[in-house]
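Asker: Model the following, please.
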Amino acid sequence: MNRTGGPSPLRRLAFAGTWYAGDPDRLADDVDAALDAAVVSSSRARAVVSPHAGLIYSGHVAAHSYRALGPSPREAVVLVGPSHYEAFRGCAMLRQGALETPWGSLPIAESLADVLAAKTGLVSRAFEQIHAREHSLELQLPFLARVLPDTPVIPILMGDQSRGVAFGLGDALAEAFGGRDVALVASSDLSHYQDAVTAQTMDRVVLDSLDAFDAERLMAALEREPHHACGGGPMVAVLRAARRMGATTGGVLKYADSGDVSGDKSSVVGYVSAAFGEPGA
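Answerer: Sure thing, here's the model as predicted:
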């Protein structure tokens, strides 16, 4: 039940059977195999960056990010992704209900979403219809639901990836969740439809900023050339928040492009996983 006494809204899966396997058992095998193959040195990251392409292309990269989040329960996971299909001011945050996954649903952390909304007007709108047809957060769910089942989530789409919005959201996340066991996920792919050599040159700008754990450096690079990443704003917001929440170390875990799977290196999409946390976490 929602706050008005009616049925709680459920954001339904829209890409099962197309961007990833529609059969839950087959999908579980796919995700678990990718997770088993991913080797990371830390399993308690505060924040990660993960791609959002079809799992056949980017799942082996995303697995590194979710291995870094680790199996230990979290109070909540904040998912921040770009809106690909509709531009709007600020961000859109779902504040009640649940997100359907292939194996059930993940509840929205309603009280924590309210805390965040009290910190910034950037997340004042839900835009449920935009969430319903957007893939950038849904492609995180197969991994999140396997690694941290039943963990409450806070889904946020960025319609405006400007400096003010990215930094403002990052600051609000830190103010709302500093001191809490809340993890952050930035959903982003890198360059699109360049040959592999050009893509690697473009993507290196983002990879170097992630390795430096430098939100300002990344924001400045994206302002010069926004086509380096489709989720640049989410990455900036999460890096800024993670640093303010106490993370001090981290960087790139895995880089690949779609040509590694398709064999076509003439037109690729770049993918990166990265993780940030405290030393020894």
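
Asker: tell me the phi and psi of residue 195?
Answerer: With angles defined as degrees, to the nearest 10, residue 195 sits at phi -70, psi 160.

Asker: for it, what are its contacts?
Answerer: Contacts for residue 195 (CB atoms under 8 Å, 6 or more residues apart in numbering) come out as 265, 266, 267, 268. For every residue, glycine as well, the C-beta is placed using N, CA and C.

Asker: try 6 Å this time
Answerer: Residues in contact with residue 195 (CB atoms under 6 Å, 6 or more residues apart in numbering) are residue 266.

Asker: do you know how far residue 159 is from residue 137?
Answerer: Computed with CB to CB, to the nearest Å, the distance linking residue 159 and residue 137 is 13 Å.

Asker: In terms of neighbours, single out the busier of those two.
Answerer: Between residue 159 and residue 137, residue 137 has the larger neighbour count (other CB atoms under 10 Å), namely 25 against 18.

Asker: how about that one, phi and psi?
Answerer: phi -90, psi -40.

Asker: shared neighbours of residue 159 and residue 137, which are they?
Answerer: Shared contacts of residue 159 and residue 137 (CB under 6 Å, 6+ apart): none.

Asker: So residue 173, which state does it fall into?
Answerer: Assigned with DSSP: H, G, I helix; E, B strand; the rest coil, residue 173 falls in the helix class.

Asker: Which elements pack onto the strand or helix carrying residue 35?
Answerer: Element membership for residue 35, per DSSP states H and E: helix 24-37. Helix 24-37 sits against helix 55-69, helix 141-147, with contacts defined as 3 or more CB pairs under 6 Å, 6 or more residues apart in numbering; DSSP states H and E.

Asker: Any buried residues in it, and which?
Answerer: Across helix 24-37, burial judged by 16 or more other CB atoms under 10 Å covers 27, 28, 30, 31, 34, 35.

Asker: The last one reaches residue 63, doesn't it?
Answerer: So that's residue 35. Yes - judged on CB atoms under 6 Å, residue 35 makes contact with residue 63 at a distance of 4.9 Å.

Asker: Does residue 187 touch residue 52 like I think?
Answerer: Yes - if you go by CB under 6 Å, residue 187 and residue 52 touch, sitting 4.7 Å apart.

Asker: So which of those two has more stuff around it?
Answerer: In terms of neighbours (other CB under 10 Å), residue 187 is the more surrounded of residue 187 and residue 52; the figures are 30 against 25.

Asker: Any idea what that one is bridged to?
Answerer: Beta-bridge partners for residue 187, by DSSP bridges, are residue 50.

Asker: still on that earlier bit, looking at the helices and strands packed on helix 24-37, which is buried most?
Answerer: helix 55-69 (a mean of 25; mean count of other CB atoms under 10 Å).

Asker: the inter-axis angle of it versus helix 24-37?
Answerer: Helix 55-69 and helix 24-37 are oriented at 60 degrees to each other (axes from the mean of the first three to the mean of the last three CA atoms, to 10 degrees).

Asker: which residues does residue 15 contact?
Answerer: With CB under 6 Å, 6+ apart, residue 15 has these contacts: 135, 138.

Asker: List phi and psi for it.
Answerer: Taking degrees, to the nearest 10 as the convention, residue 15 sits at phi -120, psi 10.

Asker: Could you measure from it over to residue 38?
Answerer: Distance from residue 15 to residue 38, by CB to CB: 22 Å.

Asker: Which of the buried residues of helix 24-37 sits closest to residue 201?
Answerer: Here the nearest of the buried residues of helix 24-37 to residue 201, counting by CB to CB, is residue 34; it sits at 27.2 Å.

Asker: In contact with the closest residue in space to that closest one that isn't next to it in sequence, which residues?
Answerer: Leaving aside its chain neighbours, residue 34 sits nearest to residue 63 (3.8 Å; criterion: CB to CB, 6 or more residues apart in numbering). By CB under 6 Å, 6+ apart, the contact set of residue 63 is 34, 35, 38.

Asker: Verify the stated contact: residue 21 with residue 27.
Answerer: Yes - proximity of residue 21 to residue 27 meets the contact threshold set by CB under 6 Å, at 4.1 Å.
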